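need the 3D shape of this:
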Amino acid sequence: MRINLVLFEPEIPQNTGTLLRTAACLGFELHIIEPCGFTFNHTKLKRAGMDYIDKVTYVRHANWETFLNFASQTNGRLLLMEADTEATPYQHYPFKKDDFIIMGKESTGVSDEVARSCDATITIPMSKGVRSLNMAVSASIVISHALNVVQGAIPPR
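Model prediction:
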């Protein structure tokens, strides 16, 4: 396997489409945990994903429990991305092959139950006075770094 990005109940089709395209270009696997806040064949999803949707490896999971069952059959760790300043900065996390980087809903993140299921919480350190980055931008920053760590371009810390 490889590094995985997990979208927990995504709400904005443009973000999901952008990340489908990013997954096709960078070679990570994308997991989408339903329900989504949009119809999966939504026009905006297709527009953002462009013609890359046929080139991406993605798995749709009916719900969190189905995803957990899938993930338990791998050696991957569940890593929750949060805007929380108490979390481990992503640059200091020792990513490994098969890790699952989980992004919560754009509006509310994840439930406490989902958060408790995760092995670690990571964050992108940001300037004071700002709340967060766009979800697709955040995912791209962290997944790119994780891929570099796993592929040996950046030594793990």
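
where do the strands of this protein begin and end?
For the chain, applying DSSP state E gives strands covering 4-8, 29-33, 58-61, 78-81, 88-89, 100-103, 120-123.

paired strands for the third one, with orientation please.
The strands that strand 58-61 pairs with in its sheet are strand 29-33 (parallel) (by DSSP bridges).

now the angle between strand 4-8 and the partner strand, please.
Angle of strand 29-33 versus strand 4-8, following axes from the mean of the first three to the mean of the last three Cα atoms, to 10 degrees, is 20 degrees.

contacts for strand 29-33 next, please.
With Cβ atoms under 8 Å, 6 or more residues apart in numbering as the test, strand 29-33 has contacts from 1-10, 16, 19-20, 23, 40, 56-61, 63-64, 66-67, 70, 100. From N, CA and C alone the C-beta is placed, and that goes for glycine too.

show me which of those residues are buried.
When these are checked for burial by 16 or more other Cβ atoms under 10 Å, the buried set is 2-10, 16, 19-20, 23, 56, 58, 61, 64, 67, 100.

about what we covered before: got a markdown table for the strands of the chain, with distance to A139 and mean pLDDT too?
What follows is the strands of the chain, written out as a markdown table (distance: least, Cβ to Cβ, whole Å; pLDDT from 0 to 100):
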| stretch | distance to A139 | mean pLDDT |
| --- | --- | --- |
| strand 4-8 | 6 | 98 |
| strand 29-33 | 9 | 96 |
| strand 58-61 | 13 | 93 |
| strand 78-81 | 7 | 97 |
| strand 88-89 | 16 | 95 |
| strand 100-103 | 5 | 98 |
| strand 120-123 | 12 | 96 |
